[in-house]
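> give me coordinates for this.
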Amino acid sequence: MNTENQGYPNFPARPPPSSSSPFASAPPPGVPPQSGGPESVGFRPHTRPFTPSGPPMAPPVGVMRPFQSPLVSQIPGQGIRPPPPPPSSNSFPSTAYGPPGGGSFQRFPTPPPPSGPPQTQTLAGHFSPPRQPMGPPPQSLTSGVPGGYASPPGTGFQQSMPPVNPSYPGVGGPQPSFPPSSYPPQTGGLDPASFPRPLDGDVEPNTFAEMYPMNCHSRYLRLTTSAIPSSQSLASRWHLPLGAVVCPLAEAPEGEEVTLIDFGSSGIIRCRRCRTYVNPYVTFTDSGRKWRCNICSMLNDVPGEYFSHLDATGRRMDLDQRPELTKGSVEIIAPTEYMVRPPMPPIYFFLIDVSFSAAKSGMLEVAAQTIKSCLDNLPGYPRTQIGFITYDSTLHFYNMKSSLSQPQMMVVSDLDDIFVPLPDDLLVNLSESRNVVEAFLDSLPLMFQNNVNVESAFGPALKAAYMVMNQLGGKLLIFQNSLPSLGAGRLKLRGDDPRVYGTEKEYTLRVAEDNFYKQMAADCTKFQIGINVYAFSDKYTDIASLGTLAKYTGGQVYYYPGFQSSIHGDKLRHELARDLTRETAWESVMRIRCGKGIRFSSYHGNFMLRSTDLIALPAVDCDKAYAMQLTLEETLLTTPTVYFQVALLYTASCGERRIRVHTAVAPVVTDLGEMYRQADTGSIVSVYTRLAIEKTLSGKLDDARNVIQQKIVKALREYRNLHSVQHRLGSRLIYPESLKFLPLYGLAICKSTPLQGGPADASLDERCAAGFTMMALPVKKLLKLLYPSLFRVDEWLLKPSADVDDLKDVLRRLPLGAESLDSRGLYIYDDGFRLVLWFGRMLSPDIAKNLLGADFAAELSRVTVQEQENGMSKKLMRLIKKVRENDPSYHPMCFLVRQGEQPREGFLFLRHLTEDQMGGSTSYVDWILQIHRQVQQNA
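A predicted model of the protein is given here:
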């Protein structure tokens, strides 16, 4: 996978935590905390004592020097460092990824939960560390400037953040119950178990929904804060994104589907001026003969067919029969005036690489079998159309005319002057030509099984597919197995020179090399062609260029590095089947309207912007989300609320033209504190992620990571300033309950594949593919990828079999750090795209044998997990199936890793433990202290 990083330094062991929590109780309501007194709560950072064994070493080249905290002078206890703890029987073995000097990863017991009900703080998020010197620092640290440490980066790693002293604040909001007159017992360390972590996944704020029950559900529209600033000056103090994340076709649970409406002869009711669709927030006047638009306040006439009398409160008498006036999300059947042409049929066109590597890897066989198995479930029967082109150094067209018993192949070898033979018979009605299509799919793998051609005329093949499809549009699925080497759009190897990283030219490796691809994407969008790219090569294929096709046509990139059908076959089958059978909105456009005085100024995701606010989406589905940012156009907003309306005009697979409308309202506030209280971390992180990935396309990775950190620092500094007048904060770090996970997610963004480390930490294709994928992910899916699930299963497997409900017990998430691991345990790591089964070195051989059969002692890279004939194996497979069913949009592959099995354990598992300092990256503890120090500066 090209992900081995031989330059990883040894992973340092963390100091042992105390058994106590770093929390102090909240002050009584109305009583400001007294600095230095027993009731004061907060985080006072301490610098760990450090006694270098030799002369101080300067930080390595390219490493930022840690700045001297202004709080160092307050720090007591600069004594002699206590000796490191002896390794325990549960310790990790010393490996290439283990701590230096024979140290160990150590499992620490989770402290018992505090008794008594939690208390809520007046000021959310006070931190209180121990007053004694910290335990021994990581052994890989070298001395930098006084009061700080610099860690040597891995080979080729451009470090953007200086590692700092591990001290940690606790969690904001509800706190464990301690006597209000005292701190918790202080010992020589902090308990990592008390750090704020999103172990419950994405928890959406519910106050907004309770306040405005007629709003659309948050699965369709999530604002970054549900309190809109009343003025530009207030907005300028809100250093977090001001905007929204929209997923217009999000899947709804059974029973909550969007209601379908047909206005009939009255026509669709819309505002004459701003074109807003009628919704629950319009008001009716003049005895029901007029209605006032909630967005622009225009008074509109009510058509006679839509007229209804009003009751004494001004409500329409037929309100219960009008879903568009009571529900925030509706789907409207559009009349003929909403069509520029007859609704297109669902069209699936396949552009398949049949060169040597495609046949050898088994990709051709898996793709052909999967397409055939999905023919009955393609949307739009009997209108669905289908077509194929294959290519290596030449192009192969296939006549699928229904009168034929076998498809006819026509070969075009002139790549400079592409023409399409028999253009009318290349794209055929599936129901009429079903037998011919099935015969073709059965013979496709055999036709090219002995092909030794290694060339790829991808550019000419793409132009040919465009020429076939541009009459109607549709979805183009590309299966690409090698670097395009012939004709238009041919690409060359690039990115091999690590000296480019860290320079001003670094970003050029992550953008399309040839403008051919962006121009083809623009042409395809114009003619309603959406493109999904399936890339399979184990060598460089320039995903940065190929992915441009998906980016600008509203599609997505599926990446299978080093594809082998025996290993990756199931993943391709499930994801291709999902792509072919999920409900798709064809020839779509989306616009978001909002109230007077504000507008959406920028959009982020996979689409083409047709005008300033019209998003072109040739094919869109439930797995796509889009982020956007708001701007205040007026100095002062005079209305008490602001309205938003998302409208997606599309063709359904059944042939109807429809408009999906989502409407929401948010209050306008004059208090910055209220904006913080109504903040939505999930939406903020989604916007931040897209902005950071876009930043990597115009600058260095360091710059993108630093921008994330600085934005969080500015936001927390502003929040601190809000409370610094009425409360003597001293050196405390505070933040609102609503944003307690934001620093951790910020760190996770910096450690995500598109932004992490340097050239040795991820291959160029892997980095670009992850970027294209994350740009389109809905909020919940993205948050799970950033902070994945980790849970222990060996204890559950040993229990007697029980009902399916017992799965809830085992799916309790653990913190993503080495302290969560026990060498006697079996753990599952799940980020939505991969499942990793981590076998501890001391795991009972009986468990391993039950789960893996005769292969339990073999090298796990050669073993696949399969159901064995015993209850324990069946329980594990049922659990894996349940995890995969929770989110069917992708099919997580299952990898097996044994503790100490290097380098697989490092790049498959250890480097994804977000909270640990690995490969030169910053740990969660260090990251928080770093943010705190910067918040303190100029506060």
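> going forward, measure contacts between C-alpha atoms and count neighbours the same way
Fine.
> what strands line up against the lengthiest strand in the chain, and which way round?
Ranked by residue count under DSSP state E, the longest strand found in the chain is strand 657-669. Strand 657-669 sits in its sheet next to strand 228-229 (parallel), strand 329-333 (antiparallel), strand 641-651 (antiparallel), going by DSSP bridges.
> just send those strands back as TSV, with distance to residue 821, mean pLDDT and mean neighbour count too.
Below are these laid out as TSV (distance: least, Cα to Cα, whole Å; pLDDT from 0 to 100; neighbours: other Cα atoms under 10 Å):
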stretch	distance to residue 821	mean pLDDT	mean neighbour count
strand 228-229	43	96	27
strand 329-333	45	97	23
strand 641-651	45	96	23
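> quick check: which of those strands is nearest to residue 347?
strand 641-651 (12.2 Å; Cα to Cα).
> contact partners of the closest one?
Here strand 641-651 makes contact (Cα atoms under 8 Å, 6 or more residues apart in numbering) with 228, 248, 276, 294-295, 343-344, 585-596, 657-668.
> derive a PyMOL selection command for the buried subset of those.
Selection of buried members from these for PyMOL, criterion 16 or more other Cα atoms under 10 Å:
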select buried, resi 228+248+276+294+295+343+344+585+586+587+588+589+590+591+592+593+594+595+596+657+658+659+660+661+662+663+664+665+666+667+668
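> now the strands paired with strand 657-669 in CSV, with distance to residue 547?
Putting these into CSV (distance: least, Cα to Cα, whole Å) gives the following:
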stretch, distance to residue 547
strand 228-229, 36
strand 329-333, 32
strand 641-651, 24
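> what's the closest of the ones you listed to residue 711?
Nearest of the strands paired with strand 657-669 (Cα to Cα): strand 228-229, 18.2 Å.
> and the very next helix or strand once past that closest one, how far out from the chain's middle?
Following strand 228-229 in sequence order, the next helix or strand is helix 232-237 (DSSP states H and E). In terms of Cα atoms, centre = their mean, to the nearest Å, the centre of helix 232-237 is found 29 Å from the chain centre.
> and helix 232-237, average pLDDT?
Per-region confidence: helix 232-237 scores 94 on mean pLDDT.
> show me which positions of it end up buried.
232, 234-235.
> output the longest helix belonging to this structure.
helix 701-723 (DSSP state H).
> residues in contact with it?
158-161, 237-240, 502, 673, 676, 688, 692-693, 695-696, 729, 733-736, 742-743, 746-747, 750, 755-758, 931-932, 934-936, 939.
> how about stretch 313-323?
Contacts for stretch 313-323 (Cα under 8 Å, 6+ apart): 259, 261, 284-285, 288, 308-311, 325-326, 330.
> quick one: contacts of the host helix or strand of residue 884?
Per DSSP H and E, residue 884 falls inside helix 871-885. Under the criterion Cα under 8 Å, 6+ apart, residues 797-798, 801, 807, 832, 847, 850-851, 866-868, 891-892 lie in contact with helix 871-885.
> just the ones of the residues you listed in helices?
Those of those lying in helices (DSSP H): 797-798, 807, 847, 850-851.
> which one of these is nearest to residue 617?
Among the ones in helices among the contacts of helix 871-885, and counting by Cα to Cα, the member closest to residue 617 is residue 807, at 39.1 Å.
> name the nearest residue to that closest one, ignoring sequence neighbours.
Nearest residue to residue 807 in three dimensions, chain neighbours excluded: residue 879, at 7.0 Å (Cα to Cα, 6 or more residues apart in numbering).
> still on that earlier bit, and the contacts of stretch 313-323, which of them are in strands?
Among the contacts of stretch 313-323, DSSP E puts 259, 261, 284-285, 330 in strands.
> of the residues you listed, select the buried ones using a PyMOL command.
Of these, the buried ones can be selected in PyMOL as follows, counting by 16+ other Cα under 10 Å:
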select buried, resi 261+284+285+330
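> tell me which two in the ones in strands among the contacts of stretch 313-323 are the farthest apart.
Pairwise distances among those were taken by Cα to Cα; the largest, 26.1 Å, belongs to 259 and 285.
> so how far is residue 643 from the residue sitting nearest the centre point of the chain?
Centrality entry for the chain: nearest residue to the mean C-alpha point is residue 782, 2.1 Å, by Cα atoms, centre = their mean. Distance of residue 782 to residue 643, computed by Cα to Cα, to the nearest Å: 27 Å.
> before we move on, what about residue 481?
47 Å.
> flag the shaky bits of the stretch 601-750 of the chain, pLDDT-wise.
Flagging of the stretch 601-750 of the chain using pLDDT under 70 yields the residue ranges 725-730.
> from residue 400, how far off is residue 426?
Residue 426 is 6 Å from residue 400, by Cα to Cα.
> likewise for residue 740?
In terms of Cα to Cα, residue 740 sits 58 Å off from residue 400.
> out of those two, which sits in the more crowded spot?
Neighbour tally, residue 740 and residue 400, criterion other Cα atoms under 10 Å: the higher count belongs to residue 400, 30 against 22.
> what is the neighbour count of residue 443?
14.
> ok but it is inside a strand, no?
No - using DSSP: H, G, I helix; E, B strand; the rest coil, the assignment for residue 443 is helix, not a strand.
> number the chain from 847, please
Happy to do that; since the first residue is 847 now, the last one works out to residue 1289.
> of the contacts of helix 1717-1731, closest to residue 1276?
residue 1737 (27.3 Å).
> the closest residue to the closest one other than its chain neighbours in helix, strand or coil?
Spatially, and ignoring its direct neighbours in sequence, residue 1737 is nearest to residue 1417 (5.4 Å; Cα to Cα, 6+ apart). With three-state DSSP as the basis, residue 1417 sits in helix.
> isn't residue 1417 up against residue 1735?
No - Residue 1417 lies out of contact with residue 1735 (Cα atoms under 8 Å); the separation is 11.1 Å.
> low-confidence stretches in the stretch 997-1146 of the chain?
997-1039.
> helices of that one, start to end?
1053-1057, 1078-1083 (DSSP state H, counting those that start in this stretch).
> between the ones you listed, which one is closest to residue 1402.
helix 1053-1057 (31.3 Å).
> buried ones in that closest one, by neighbour count?
Quick answer for helix 1053-1057 (16+ other Cα under 10 Å): 1054-1055.
> without its sequence neighbours, what residue ends up closest to residue 1314?
Residue 1314's closest residue in space is residue 1269 (Cα to Cα, 6+ apart), at 6.4 Å.
> how many residues are close by the one you found?
13.
> likewise residue 1098?
Neighbours of residue 1098 under the rule other Cα under 10 Å: 13.
> what touches both of residue 1272 and residue 1246?
Residues touching both residue 1272 and residue 1246 by Cα under 8 Å, 6+ apart: residue 1233.
> quick revisit: now do the helix holding residue 1730: distance to the chain's middle.
25 Å.
> just to revisit the earlier point, distance-wise, check the residue nearest to residue 1653 relative to residue 1270.
On the measure of Cα to Cα, residue 1725 and residue 1270 end up 49 Å apart.
> settle it for me: which of those two has more neighbours?
The neighbour comparison of residue 1725 against residue 1270 (other Cα under 10 Å) goes to residue 1725, with 17 against 12.
> distance of that one from residue 1181?
For residue 1725, the distance to residue 1181 (Cα to Cα) stands at 48 Å.
> can you show me the strands along the stretch 997-1146 of the chain?
Assigned by DSSP state E, counting those that start in this stretch, the strands in the stretch 997-1146 of the chain fall at 1067-1069, 1074-1075, 1089-1092, 1105-1107, 1129-1131, 1136-1138, 1145-1147.
> which among the ones you listed is found nearest to residue 1389?
It's strand 1089-1092; of these, that one is closest to residue 1389 (Cα to Cα) at 25.8 Å.
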